[in-house]
Every structure is written in C-alpha cells, then in structure tokens.
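Peer 1: Okay, sequence plus prediction incoming.
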Amino acid sequence: MNANLNQQIGHLGFWSGVIFLVTVVVSLLLPLDVPDGLQAAHVDRVIWLNEHRSAFILGWVNQMVSMLSLSGVLLAVAWFAAMRSPLSGMVGGIAILLSITAFIIPKFIAIWTIPQLAETSATGGIGSEFADQLLLILNVSVPFSLYTSFDYLGFWLYALFALVIAAPLFKHALIWKFAAVSLGVFGAAFHTLLIALLAKKVVPADIESWFLGSTLFLIVAIIVAVLGFRTTGNQS
C-alpha cells in the first residue's frame with residue numbers, strides 16, 4: 001500500500017515537473033504585461049491590454065498552470081522529505097498549500113478582472129473611473145502593487161518551504177542532495193533579500209530583478225527533482 005502510494009506520488013512529481021518546465025518555455029512566448037511595464041504610462045497600458053487581450057489572458061492562464069504544476073512537484077518533494085522528517089514534510093506541505101492560495105488569487109484576477117477593467121476604462125462608460133483606479137492598484141509590473149504583493153507572498157512561502165525541506169532532503173541519494181542544496185540556496189537568498197528590502201538596501205525598481213533572479217535556484221531544484229523522480233522513483 002505505502003510502496004504503491006509512494007510510486008504514485010513520485011509519478012505526480014515527475015509529470016508535474018515536466019508540465020512546469022514546458023510552461024516555463026511557453027511563458028517566453030506569451031506577454032504578461034505591456035513592454036517596459038514598470039515605466040509604461042497608464043493610458044498606454046490600457047491601450048495595450050485591449051489590443052492584446054487574448055495573448056494577455058493566455059499568458060496568465062499559462063502562469064496559473066505553471067504555478068499549479070510547480071506546486072505538484074513541491075508537494076511530492078515534501079512527501080519524499082517526510083520519509084526522513086515527517087514534521088518537516090508536514091510544515092513544507094502546508095507552506096505549499098498556502099502558496100497556492102496566495103498565487104491563484106492574482107492570477108485569476110489577471111485572467112478575469114484586468115481585461116474587463118481595461119475594456120471599461122477604454123470605453124469611458126459607467127464605472128470607467130473606478131476601473132482606472134483598480135487597474136493602478138492591480139498593476140502586474142509594479143513590485144509594490146496589491147497584485148504583486150500576493151505574488152511575492154507566494155514566493156516567500158516557497159522560500160520557507162525550501163528552508164524547511166532542504167535538510168531532510170539532503171539525507172537521500174546523491175541526486176537529491178543537489179536538489180536540497182539548490183532549494184537551500186534559494187530559501188536563504190530570498191530571505192536575505194527580504195531582510196535587505198526591509199532595511200531599505202533594495203530599491204523598489206530592483207525588486208523584480210533581484211527576487212525573481214533568486215528563483216533560478218528553485219528552477220534548478222525542480223529540474224533535479226524531475227530527474228530524481230525519474231531515476232529513483234520515490235524510494236529513499
């Protein structure tokens with residue numbers, strides 16, 4: 001029973017990882033905001049959102065699939081780590097479940113709300129002023145908007161997961177040690193940047209490049225985990 005469950009979760013981790021890596025490639029082809037989004041004027045963003053409505057929605061649908069598949073990998077990793085430390089696996093799993101909530105809210109807003117707000121703003125009809133205000137609050141490129149705050153909350157939960165899971169994961173076979181190190185570096189880097197941000201050592205304009213840059217270690221960990229699930233299954 002346990003062996004069969006472990007194998008199924010290993011398969012979940014592998015295929016979720018494959019889907020995640022595919023969505024990462026697809027994300028390079030789909031736009032998520034107006035070019036130079038941080039500097040773009042509000043009126044230019046509204047025009048762009050209406051002209052590229054379908055591509056914008058597809059881009060964020062892809063992001064939602066990417067997030068859900070990544071969460072599937074990390075939940076499988078948490079299960080795998082729980083073989084050596086049940087408490088760490090449980091805490092890590094809770095962090096990932098909470099991150100799904102944090103991530104899915106802004107992504108649904110991008111798919112459902114923002115295109116409608118842009119259309120309402122462009123037509124100048126009833127509610128257009130309200131739509132303009134919400135579009136400014138839900139700016140997907142400004143690192144301190146309400147929208148991006150949910151995203152960074154989700155990444156912080158990923159970083160918390162990484163720190164909790166790294167040590168028990170390191171106790172497994174060699175390939176998992178590489179995944180553990182990558183996760184540990186990601187978790188440490190993200191929290192270091194968070195402290196630097198709170199200490200005003202990182203300016204808002206640099207938040208995206210620094211914080212999202214640290215996620216490269218997370219992607220490396222996912223690639224290694226996919227190979228781990230492929231070569232060793234879910235066995236210690």
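Peer 2: Nice, thanks for sending it over. Residues are numbered from 1 along each chain as shown.

Peer 1: Show me what stretch 130-150 is in contact with.
Peer 2: Stretch 130-150 has contacts (Cβ atoms under 8 Å, 6 or more residues apart in numbering) with 32-34, 37-38, 40, 42, 45-46, 102-103, 105-106, 109-110, 113-114, 116-118, 120-121, 152, 204, 207-208, 211. All C-beta spots, glycine's among them, are computed from the backbone N, C-alpha and C.

Peer 1: out of those residues, which are inside helices?
Peer 2: Judged by DSSP state H, the contacts of stretch 130-150 include 42, 45-46, 102-103, 105-106, 114, 116-118, 120-121, 152, 207-208, 211 as members of helices.

Peer 1: just how off-centre is the helix ranked longest in the chain within its chain?
Peer 2: Criterion DSSP H: the longest helix present in the chain is helix 53-82. Here helix 53-82 shows a centroid-to-chain-centroid distance of 7 Å under the convention Cα atoms, centre = their mean, to the nearest Å.

Peer 1: still on that earlier bit, from the ones in helices among the contacts of stretch 130-150, list the buried ones, please.
Peer 2: By neighbour count, with 16 or more other Cβ atoms under 10 Å, the ones in helices among the contacts of stretch 130-150 hold 45-46, 102-103, 106, 114, 117-118, 120-121, 152, 207-208, 211 as buried.

Peer 1: so which pair among the residues you listed is furthest apart in space?
Peer 2: Spatially, the most separated pair among these is T120 and F211, at 31.6 Å (Cβ to Cβ).

Peer 1: Any stretches of the protein with poor pLDDT?
Peer 2: For the chain, the stretches with pLDDT under 70 are 1, 232-236.

Peer 1: Centroid-nearest residue for this structure?
Peer 2: Against the mean C-alpha coordinate of the chain, by Cα atoms, centre = their mean, the closest residue is M67 at 5.3 Å.

Peer 1: That residue contacts A102, correct?
Peer 2: No: applying Cβ atoms under 8 Å, one finds M67 not in contact with A102, separated by 9.7 Å.

Peer 1: if I look at those two, which residues touch both of them?
Peer 2: Taking Cβ under 8 Å, 6+ apart as the contact rule, M67 and A102 both touch G154.

Peer 1: All set, thanks.
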